[in-house]
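Undergrad: pasted the sequence and its predicted model underneath.
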Protein chains: 2
Amino acid sequence: MDVLIHDPTLRDGNHAIRHQLTFEQIRDYCCAMDGIGLDCVEVGHGNGLGASSLQLGIAPTSDEQMLTAARHSLKRTKLGVHVIPGFASLRDIAVALDCGVDRVRVATNCSEADTANRYIVECKRSGSVSVHGVLMMSHMLEPLKLAQQARLMEGYGADAIILMDSAGYFVAADVRERISAVRDLVSVPVGFHGHNNLGLAVSNSLTAIAAGASIIDATTRGFGAGAGNCALEMLIAVLFRSNINSGVAMTNLLKAIEFVPGIIRPVAPPEIGTTVASGLYGVFSGFESPVKRAAAEFNVSSVDIFQILGQRRVLAGQEDAILNVAHELASRTNRQGTY
Amino acid sequence: MDVLIHDPTLRDGNHAIRHQLTFEQIRDYCCAMDGIGLDCVEVGHGNGLGASSLQLGIAPTSDEQMLTAARHSLKRTKLGVHVIPGFASLRDIAVALDCGVDRVRVATNCSEADTANRYIVECKRSGSVSVHGVLMMSHMLEPLKLAQQARLMEGYGADAIILMDSAGYFVAADVRERISAVRDLVSVPVGFHGHNNLGLAVSNSLTAIAAGASIIDATTRGFGAGAGNCALEMLIAVLFRSNINSGVAMTNLLKAIEFVPGIIRPVAPPEIGTTVASGLYGVFSGFESPVKRAAAEFNVSSVDIFQILGQRRVLAGQEDAILNVAHELASRTNRQGTY
């Protein structure tokens, strides 16, 4: 196998529908995808274990219910979960392990690998799961510093390191530099998780593979936060055409996706004008909805909001900054008497 | 300028809504886009001048009305039309010239450049327009033969040659080889028109530029046939990040697109399972809707239909083949007693 495919459709896609995936949708998707050759299907709230909350969005299904539904349907494909220290507690992980997950991904913002330490150690102690260390918003550190954070995670015991382009910010050279830098400093496999804000999710995944990545994240129909992820069916088709073996049975995959429940897609086409702005200025894709609401409320351009959020290097969890920025822009407009 | 941007949103996008763009939508889009730095905005029925018909789809607005609406709104940006010999007559071109178009694109299937001869000569004789020779479905000829067809069009008087990846079939190497081959054989500028069936429209456009293309087609929100075109707002953002000068004012463009009429997008998200299959097997993107209908009618997989259409090298205009293939697949299924 040249590359393993990790499918977070049922986790990252939850961002696109305010975390409303149901038990039945999870069960049916896992049934359709089991045994097609995907390495792992990842399931849960968009922000991972323990993240269902008023601020981030209440899921209709508990972590335990979601994982139970998936576990029953996934017989030949691994089951994974996403864990962000702070949102998830160690107790949440214990519940997931009881549900029989095969993989735990411990994810931090790219400069905060140290907050993953205890989580990775605890998962490895269980002995039963593989653990991926995930660096989110990986465009916010230069390659060498990013590689040093990856090295920390490897030191805690991570079996692989995943770089997430959470804002869909990367062009090819960015991917090449960062994957190479991490490969130079760690000895475990390296993976890439792309978003499509600039329309480059598929080609960036190819660039990552060429630079040495051996795990690629991709979701059905690109279902995911903001402009969406690397679309699984496109990636598999392009890998096929490029003679890169992913172990996924392509025609079976295309037919499965053809009949996958209609919910596995954004309710509305993404506002590409907005999602492009998020990629261009390096702001988390999941900010799209609140930015649109703020732009409408204050009658300002969401492009301008994204530009300022990018300048201020705002991260997920700092959503309150959006309203402040919209308010500032509206005040400026009023002072100038024009917009 | 490193590259000129040609915007066929109001022509290729017409495919996505069965050619139903209205006078008002054309007027408003052209108003929003005028003077932002696009080289040309192309307007018309999806299949170009004279193509409004029962078989291809009846447009609610005549060629003359569409071009008049656009001409009044485009003061600093060129106005272009698409012409397919056979659908368009020389009389249709005369009407367009009377409406004040600046550019005529004469398009043929990639192996039929000779059918463009009289059309290109007539347009050049008018003296008032630039003429692009367009080779559609350009994946269906090997690079050298494609270049020879391009050379023919240059000989007829074309001021530029455009390669269309009508099926969204190309991966990077395909683009590189073909653009290079054409560049080697013709002396006029070469352009690229990508479709996004495999998620590579933006990256293929970059590859085309690196291989020497100096005209790139892109549409707002990727509005176009099948899986859509190279998305204009994504392309411009990526060109900006790549220090490639297109002359387009990026922030102005993003803001214009943010407020562009909502019609300028697919009514529903594309059925990516289907559009990927079209790219994978090299079948014209515009076949998506009839293939879906046939698949539903005969209860067979659209993936299988596309695969067989690709094997038979079916071209636009041969839509009747779709029902035949669906019927064959259904018969096979019945004989086997299973599907």
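TA: Done, it's in.
Undergrad: just the C-alphas of the helix or strand bottoming out on mean pLDDT in chain A, formatted as CSV.
TA: Within chain A, no helix or strand scores below helix A:272-281, which has a mean of 80 by mean pLDDT, DSSP states H and E. Provided in CSV are the C-alpha atoms of helix A:272-281 (Å, rounded to 0.1, in the frame of the first residue of the first chain):
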residue,chain,number,x,y,z
ILE,A,272,-17.3,30.0,-1.9
GLY,A,273,-16.7,33.7,-1.8
THR,A,274,-16.6,33.4,1.9
THR,A,275,-14.7,30.1,2.2
VAL,A,276,-12.1,31.4,-0.2
ALA,A,277,-11.5,34.4,2.0
SER,A,278,-11.0,32.1,4.9
GLY,A,279,-8.4,30.1,3.0
LEU,A,280,-6.7,33.2,1.7
TYR,A,281,-6.4,34.8,5.1
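Undergrad: just checking, what packs against it?
TA: helix A:288-298, helix A:302-311, helix B:232-241, helix B:250-259 (3 or more Cβ pairs under 8 Å, 6 or more residues apart in numbering or on different chains; DSSP states H and E). (Each C-beta comes from the backbone N, C-alpha and C, glycine too.)
Undergrad: now that helix and helix B:250-259, what's the angle there?
TA: Inter-element angle recorded for helix A:272-281 and helix B:250-259: 150 degrees (by axes from the mean of the first three to the mean of the last three Cα atoms, to 10 degrees).
Undergrad: how far is helix A:272-281 from where the chain is centred?
TA: Relative to the centre of its chain, helix A:272-281 is centred 17 Å away, using Cα atoms, centre = their mean, to the nearest Å.
Undergrad: quick revisit: tell me which of the helices and strands packed on helix A:272-281 lies nearest to residue B:75.
TA: Smallest distance to residue B:75 across the helices and strands packed on helix A:272-281 (Cβ to Cβ): 15.0 Å, for helix B:250-259.
Undergrad: what's the spacing between the closest one and its chain's center?
TA: 22 Å.
Undergrad: how about it, does it get close to chain A?
TA: Yes: for helix B:250-259, a contact with chain A is found by Cβ under 8 Å from any Cβ of the partner chain, at B:251, B:254-255, B:257-258.
Undergrad: so for residue B:6, which of the helices and strands packed on helix A:272-281 sits nearest?
TA: helix B:232-241 (10.2 Å).
Undergrad: centre of the chain to that closest one, how far?
TA: 19 Å.
Undergrad: what sits up against it?
TA: Residues from elsewhere that reach helix B:232-241 (Cβ atoms under 8 Å, 6 or more residues apart in numbering or on different chains): A:171, A:197-200, A:272-273, A:276, A:279-280, B:3, B:5, B:7, B:9, B:202, B:205-206, B:216, B:218-222, B:245-246, B:248, B:250, B:253-254, B:257.
Undergrad: what residues does the stretch 151-300 of chain A put near chain B?
TA: Counting by Cβ under 8 Å from any Cβ, the stretch 151-300 of chain A sits next to chain B at A:171-172, A:196-203, A:206, A:221-222, A:230-231, A:233-235, A:237-238, A:240-242, A:251, A:254-255, A:257-258, A:265-266, A:269, A:271-274, A:276-277, A:279-280.
Undergrad: buried only: go through these for me.
TA: Neighbour counting by 16 or more other Cβ atoms under 10 Å in any protein chain shown classes A:171-172, A:196-203, A:206, A:221-222, A:230-231, A:233-235, A:237-238, A:240-241, A:254-255, A:257-258, A:265-266, A:271-274, A:276-277, A:279-280 among those as buried.
Undergrad: so which of the helices and strands packed on helix A:272-281 comes closest to residue B:186?
TA: Across the helices and strands packed on helix A:272-281, closest to residue B:186 is helix B:232-241 (Cβ to Cβ), at 23.8 Å.
Undergrad: ok, the spatially closest residue to residue A:4 that is not a sequence neighbour - contacts?
TA: Of all residues not flanking residue A:4 in the chain, residue A:39 sits nearest, at 3.9 Å (Cβ to Cβ, 6 or more residues apart in numbering or on different chains). Residues in contact with residue A:39 (Cβ under 8 Å, 6+ apart) are A:4-6, A:77-78, A:215, A:247.
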